[in-house]
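*Asks:* Show me the folded form of this:
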Amino acid sequence: MSSRTEAIAQALSEQQKRFEVNCYRWAIKDFHNEIGKGYKLLAKVRSSLVVRYLEFTKEISKDDEKTLATGLVKKFHPVAASLIGERMTEREDFLIGGLLSGQLQGLLPKAQWKKSQLKNALRQSINELYGEHIHSWSGGETEFGTQVKGWTIRTRLDVGGSSFHFSYDHLIQDKDGKDLPIFPISVLAWLGIASQTNWDTSETMEQIVEGFTAVCSHFFTAVPELLEPI
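*Replies:* Numbers count the residues shown, from 1 in each chain. Modelled structure (predicted):
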């Protein structure tokens, strides 16, 4: 365990430690399920990092895909891995190095929609899925909150980036407003592909809305498992 990882682990409450381990174990299981399903969910995230990952997996075996997936989750969840005594293997390091050596897609394609149109489409989708109304969204960022088992799931949305069309993440807070995870949660973060989940290769507004609602619903389905027994 690095000194930084050790310091973070020592600062965590027992509740936070249990959540980090729950999230780590679920992320590995979820990633392996994605491999088995042919990346149906991941492909909905129109991201240059996803494109690079999917292209790289075409060059390796199925066993190495699972090894890479496990290594990526370990790399992005070092505290949880250290708490249960799991370390990176040489093969995981090797495969991650191969992935990161790949080239990323070029310039951000110009959006064929107005930000106000994307906001309205996202508002409608969120209202239909969660019954939540976003009343104020004057700038690029906004958020909405959803109650799950006594916890508040804050979902933050951003349509104002210069290098992406859309970005989102989740925070989980207790009744006193204290954050449960160490870092914000999003699909590419829990899978270990990137610290943020950005749509930067989207060709249509519908691709963004479809992708966001799919990954958001997927996460909310998993929340009870992540919070058990917190």
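*Asks:* Leaving out sequence neighbours, find the closest residue to Ala111.
*Replies:* His165 (5.7 Å; Cβ to Cβ, 6 or more residues apart in numbering). (C-beta placed from N, C-alpha, C; glycine too.)
*Asks:* Tell me how many other residues surround Thr89.
*Replies:* The number of residues packed near Thr89 is 13, by other Cβ atoms under 10 Å.
*Asks:* Let me know whether it touches Leu68 as I believe.
*Replies:* No - counting by Cβ atoms under 8 Å, Thr89 stays clear of Leu68, with 10.9 Å between them.
*Asks:* The residue nearest to Ala111: how many residues sit nearby?
*Replies:* 25.
*Asks:* pLDDT score assigned to it?
*Replies:* His165 carries a pLDDT score of 95 in this model.
*Asks:* likewise the one 4 residues further on?
*Replies:* The score at Asp169 is 96. That number is its pLDDT.
*Asks:* Just confirm Lys40 is within a helix.
*Replies:* No - assessed with DSSP: H, G, I helix; E, B strand; the rest coil, Lys40 is coil; it does not lie in a helix.
*Asks:* ok, it to Ser167 distance?
*Replies:* 21 Å (Cβ to Cβ, to the nearest Å).
*Asks:* Looking at those two, which is more packed in?
*Replies:* Per other Cβ under 10 Å, whichever of Lys40 and Ser167 has more neighbours is Ser167, with 22 against 11.
*Asks:* Could you count how many residues lie near the nearest residue to Met88 once chain neighbours are set aside?
*Replies:* Excluding the flanking residues, the one nearest Met88 by Cβ to Cβ, 6+ apart is Lys74, at 5.6 Å. When neighbours are counted by other Cβ under 10 Å, Lys74 registers 23.
*Asks:* what do you get for Ser61?
*Replies:* 9.
*Asks:* the domain parsing of this protein - what is it?
*Replies:* According to automatic domain parsing, the chain comprises the domains 3-100, 115-226.
*Asks:* ok, which stretches of the protein are helices?
*Replies:* For the chain, applying DSSP state H gives helices covering 3-11, 14-36, 48-57, 62-76, 78-83, 90-100, 115-130, 187-191, 205-226.
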